[in-house]
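K.L.:
let's see this in three dimensions:
(chains A and B)
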Amino acid sequence: DAGITQSPRHKVTETGTPVTLRCHQTENHRYMYWYRQDPGHGLRLIHYSYGVKDTDKGEVSDGYSVSRSKTEDFLLTLESATSSQTSVYFCAISVADTQYFGPGTRLTVL
Amino acid sequence: DQQVKQNSPSLSVQEGRISILNCDYTNSMFDYFLWYKKYPAEGPTFLISISSIKDKNEDGRFTVFLNKSAKHLSLHIVPSQPGDSAVYFCAASGNFGNEKLTFGTGTRLTIIP
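P.N.:
A predicted model of the protein is given here:
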């Protein structure tokens, strides 16, 4: 158990509304990641963080922003949700060169 | 451009037999490879990894083989058990696990009792 929690676990929202997903870790691991999983694509990196206030873009960052004001929390924000952002979102941390994943958030944008 | 490919979307194997899952990659800068197992409604679970300086890594029933010249890796599970039924993802990185991972599309393994 890597001590990662994600909230909410499920969310249904409407197009155009802002949405924030939270990832929380119980230990002070430096690296944190946000991925999305879609059929036919595996998992794709959205954004990642290598420390407080240090973040960088991943493969599919358009339409997403992140913030990390504390080591233990990594927030993913959809400023104006679109139907193409309906997906399952996973947070991960890196421990000893291996990434461990949280339980996921299923987001539906109507 | 799919840099990590799992060409078999699904695989069925008899319980007790060997399961072999394959993965190909195109980026020669990848030097660290991982396999994850995923059950429905759960996050991916790390199984086993291998760095490019090795050609084999073993952990219990799981063995990963790496053929750098062919840019190919495989995961062997022996003997296969019903609890192994899941989706398996291979992933690759350019700098161990701290770098971003590039995932394949997954292979759904079904173990037949």
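K.L.:
from here on, just use CA atoms for contacts and neighbour counts.
P.N.:
Noted.
K.L.:
I'd like the mean pLDDT over stretch A:82-92, please.
P.N.:
In this model, stretch A:82-92 has a mean pLDDT of 97.
K.L.:
correction: the previous question concerned stretch A:95-107.
P.N.:
Taken as a whole, stretch A:95-107 has an average pLDDT of 92.
K.L.:
where do the strands of chain A begin and end?
P.N.:
Here chain A has its strands, by DSSP state E, at A:4-7, A:10-13, A:19-25, A:32-38, A:42-51, A:54-57, A:64-70, A:73-78, A:87-95, A:98-101, A:105-109.
K.L.:
tell me the angle the longest one makes with strand A:73-78.
P.N.:
Going back to what we said before, that points to strand A:42-51. Per axes from the mean of the first three to the mean of the last three CA atoms, to 10 degrees, the angle that strand A:42-51 makes with strand A:73-78 is 130 degrees.
K.L.:
quick one: strands adjacent to strand A:42-51?
P.N.:
Its sheet considered, strand A:42-51 pairs with strand A:32-38 (antiparallel), strand A:54-57 (antiparallel) by DSSP bridges.
K.L.:
buried deepest among these, which one?
P.N.:
strand A:32-38 (a mean of 24; mean count of other CA atoms under 10 Å in any protein chain shown).
K.L.:
could you export that strand as PDB, CA atoms only?
P.N.:
What follows is strand A:32-38, C-alpha atoms only, in PDB (Å, rounded to 0.1, in the frame of the first residue of the first chain):
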ATOM      1  CA  MET A  32       3.700  12.800  -8.200                       C
ATOM      2  CA  TYR A  33       1.900  12.200 -11.400                       C
ATOM      3  CA  TRP A  34      -1.600  12.500 -13.000                       C
ATOM      4  CA  TYR A  35      -2.600  10.000 -15.700                       C
ATOM      5  CA  ARG A  36      -5.800   9.400 -17.600                       C
ATOM      6  CA  GLN A  37      -6.900   6.000 -18.800                       C
ATOM      7  CA  ASP A  38      -9.100   5.600 -21.900                       C
END
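K.L.:
ok, residues contacting it?
P.N.:
Contact with strand A:32-38 is made by A:43-50, A:74, A:76, A:87-94, as judged by CA atoms under 8 Å, 6 or more residues apart in numbering or on different chains.
K.L.:
then stretch B:7-21?
P.N.:
B:22-23, B:74-82, B:105-113.
K.L.:
try it again with 10 Å
P.N.:
With contacts defined as CA atoms under 10 Å, 6 or more residues apart in numbering or on different chains, stretch B:7-21 is touched by A:40, B:6, B:22-24, B:35, B:61-64, B:73-85, B:87-90, B:104-113.
K.L.:
remind me which residues of the chain are low pLDDT?
P.N.:
Unless you meant another one, I'm taking chain A. Along chain A, segments meeting pLDDT under 70 span A:1-2.
K.L.:
oops, I was thinking of chain B
P.N.:
For chain B (pLDDT under 70), the answer is B:95-98.
K.L.:
all strands for it, in order.
P.N.:
Taking DSSP E, the strands of chain B run over residues B:4-5, B:10-14, B:19-25, B:32-38, B:45-51, B:56-59, B:62-67, B:72-77, B:86-93, B:102-103, B:107-112.
K.L.:
can I get those in TSV with mean neighbour count?
P.N.:
TSV is the format used below for the strands of chain B (neighbours: other CA atoms under 10 Å in any protein chain shown):
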stretch	mean neighbour count
strand B:4-5	22
strand B:10-14	15
strand B:19-25	21
strand B:32-38	23
strand B:45-51	20
strand B:56-59	14
strand B:62-67	19
strand B:72-77	20
strand B:86-93	25
strand B:102-103	25
strand B:107-112	20
